[in-house]
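Engineer: Based on what follows, work out the 3D shape:
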Amino acid sequence: LVNNIMAVIEQSVNFKFGYGPEEALPSQITEGQVLFATDTKKQMIDVDGVRVVMGGGDSGSAAATDITNPETCLIISESAFYESDITSASFPNAIYIGKSAFAYCSDLSEISFDNALYIEDSVFEHCTSLASAGLPTVKHVGNFAFNYCSSLSSASFENASYIGRDAFFKCISLASISLPNASYIGSYAFKGCSLASIDLPNASYIGLQAFYNCISLASISLPNASYIGSYAFHGCSLASISLPNASYIGNSAFQGCSLASISLPNVSYIGNSAFQGCSLASISLPNVSYIGNYAFQECFSLMSVYICGTVIPITNGTAFSATPILNSTYTGSFGSIFVRPSMVEAFKANSYWSLYSNRITAIPGYIEELPVASAADEGKILQVDASGEWVIGEAAGGSYDPSNVADPDHCILIPKYAFSRSTITSASFKNV
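Structural biologist: Residues are numbered from 1 along each chain as shown. Got it, this is the predicted structure:
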């Protein structure tokens with residue numbers, strides 16, 4: 001039965017997943033048309049055996065009293081209850097909710113859709129009395145779905161993978177939301193909300209201004225985000241963030257945040273003004289290839305920039321303006337740009353970086369190649385060079401026995417697979 005229902009929806013109703021093309025509505029579900037069953041009070045018809053609530057168009061929208069046996073309804077059509085006086089909506093078996101189905105229902109305060117899979121655009125737009133939304137089975141939340149729901153304070157979409165643009169735009173009371181499976185967060189999705197924290201463990205795409213001016217947002221988890229759109233977190237209160245898989249940071253993405261620390265191990269592109277006005281004291285950019293205009297402008301605490309790669313990033317003289325890094329626009333103590341020892345002269349001679357030549361220096365103690373230890377030295381601390389730097393020796397086979405590490409405080413580098421599959425129960429290396 002479920003497969004048959006899904007087939008009807010996919011083929012017969014304007015049912016689009018992700019970026020797929022929109023299918024034209026069938027003639028019996030024409031946009032804006034009001035269709036009635038034999039009993040006009042029901043406003044429910046059969047489409048290939050599927051019960052559909054119809055409404056909208058010039059004849060007005062369905063009222064709550066018009067629907068009998070709502071548990072038999074599987075599809076709610078476009079504008080079905082648009083601007084009606086409905087106060088609650090419970091359709092336990094509906095799996096598709098059409099565009100603007102409950103839009104501008106200012107008295108709607110309770111909703112229950114236990115099996116809904118797809119919420120079209122603007123479904124609950126301007127439902128100003130709606131205080132909470134728990135839709136555990138929904139996979140797709142359309143554009144403007146809860147736009148201007150000013151009373152919405154909490155929401156949960158445990159299975160949603162797609163959150164459309166402006167989905168929760170100006171939900172000024174929204175303080176908490178659960179989206180554990182969301183992979184796509186559209187542009188302006190949470191702009192102007194009251195979120196204090198949010199976990200998005202599976203989000204890979206954060207759109208333009210997605211959290212713009214969420215001034216209470218102090219914590220966010222994005223372990224799998226690869227794309228951070230322009231102005232995504234502009235004006236938020238984030239103090240720290242880790243983006244281990246991000247490769248792209250858009251223009252002004254974190255401008256005006258109070259960021260004091262950030263981890264960007266895989267970022268290659270940093271847009272214009274991306275971190276302008278942040279409180280960063282140090283930043284490491286091991287894989288960056290482009291740093292935009294004013295990217296770190298007015299980061300007045302920025303004393304250390306680490307660029308560890310072998311590619312010299314494209315940038316210009318404004319990237320670090322009004323920071324301790326660029327002495328022509330800053331009068332306090334100067335900072336440094338740290339690069340690989342073998343890259344120092346190349347950076348100084350590069351047209352993009354010559355302006356910073358007196359700030360460029362070698363990373364202290366940087367080891368460009370690991371020593372190869374003998375089997376007898378496996379896991380022992382070895383002296384690397386005359387400067388007194390030390391590293392755990394990397395041997396050809398096996399993993400290290402933690403008992404072999406006699407003086408961990410002298411160790412500055414731990415090579416790959418060092419303790420892989422070992423019996424180690426704790427690790428303390430203060431100077432790594």
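
Engineer: Now do residue 307 against residue 341, distance only.
Structural biologist: 13 Å (C-beta to C-beta, to the nearest Å). Where you see a C-beta, it was placed from the backbone N, CA and C, and this is true even at glycine.

Engineer: Looking only at neighbour counts, state which of these two leads.
Structural biologist: residue 307 (23 against 15; other C-beta atoms under 10 Å).

Engineer: which regions of the stretch 1-150 of the chain lie under the pLDDT threshold?
Structural biologist: Applying pLDDT under 70 to the stretch 1-150 of the chain picks out residues 1-69.

Engineer: Sketch out the strands for it, chain order is fine.
Structural biologist: With strands called from DSSP state E, counting those that start in this stretch, the stretch 1-150 of the chain shows them at 44-47, 50-53, 75-76, 88-90, 96-97, 110-112, 118-119, 132-134, 140-141.

Engineer: Now do the contacts for residue 315.
Structural biologist: With contacts defined as C-beta atoms under 8 Å, 6 or more residues apart in numbering, the neighbours of residue 315 are 290-292, 295, 352-353.

Engineer: Show the pLDDT at it.
Structural biologist: If you check residue 315, the pLDDT there is 94.

Engineer: show me where the stretch 201-350 of the chain has helices.
Structural biologist: 344-349 (DSSP state H, counting those that start in this stretch).

Engineer: before we move on, what about the stretch 51-200 of the chain?
Structural biologist: Counting by DSSP H, counting those that start in this stretch, the stretch 51-200 of the chain contains no helices.

Engineer: What separation is there between residue 115 and residue 183?
Structural biologist: 22 Å.

Engineer: now residue 92
Structural biologist: 27 Å.

Engineer: With residue 108 instead?
Structural biologist: 29 Å.

Engineer: Give me the more crowded residue out of the two.
Structural biologist: residue 108 (24 against 17).

Engineer: Quick check: chain neighbours aside, which residue is closest to the more buried one?
Structural biologist: residue 127 (4.7 Å; C-beta to C-beta, 6 or more residues apart in numbering).

Engineer: The one you found contacts residue 110, doesn't it?
Structural biologist: No. The pair residue 127 / residue 110 is not scored as a contact, 10.5 Å apart, by C-beta atoms under 8 Å.

Engineer: okay, these two: which has more neighbours?
Structural biologist: More crowded of residue 127 and residue 110, by other C-beta under 10 Å: residue 127, with 27 against 14.

Engineer: so what's the backbone phi/psi at the more buried one?
Structural biologist: Torsion angles at residue 127 (phi, psi; degrees, to the nearest 10) stand at phi -90, psi 80.

Engineer: From residue 170, how far off is it?
Structural biologist: 13 Å.

Engineer: Residue 247 touches residue 268, doesn't it?
Structural biologist: Yes. Residue 247 is within contact range of residue 268, at 5.2 Å (criterion: C-beta under 8 Å).

Engineer: ok, now how distant is the residue nearest to residue 108 from residue 176?
Structural biologist: Residue 127 is 18 Å from residue 176, by C-beta to C-beta.

Engineer: How about residue 131?
Structural biologist: Residue 131 is 12 Å from residue 176, by C-beta to C-beta.

Engineer: shared neighbours, these two?
Structural biologist: 153-154.

Engineer: Identify the residues contacting stretch 169-177?
Structural biologist: So stretch 169-177 is contacted by 144, 146-157, 168, 188-196, 198, 216 (C-beta under 8 Å, 6+ apart).

Engineer: 6 Å instead?
Structural biologist: 146-155, 168, 188, 191-194 (C-beta atoms under 6 Å, 6 or more residues apart in numbering).

Engineer: Emit the ChimeraX select command for whichever of those residues are buried.
Structural biologist: To isolate the buried members of these in ChimeraX, using 16 or more other C-beta atoms under 10 Å:
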select :146,147,148,149,152,153,155,168,188,191,192,193,194
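
Engineer: Can you verify residue 357 is assigned to a helix?
Structural biologist: Yes. Counting by DSSP: H, G, I helix; E, B strand; the rest coil, one finds residue 357 located in a helix.
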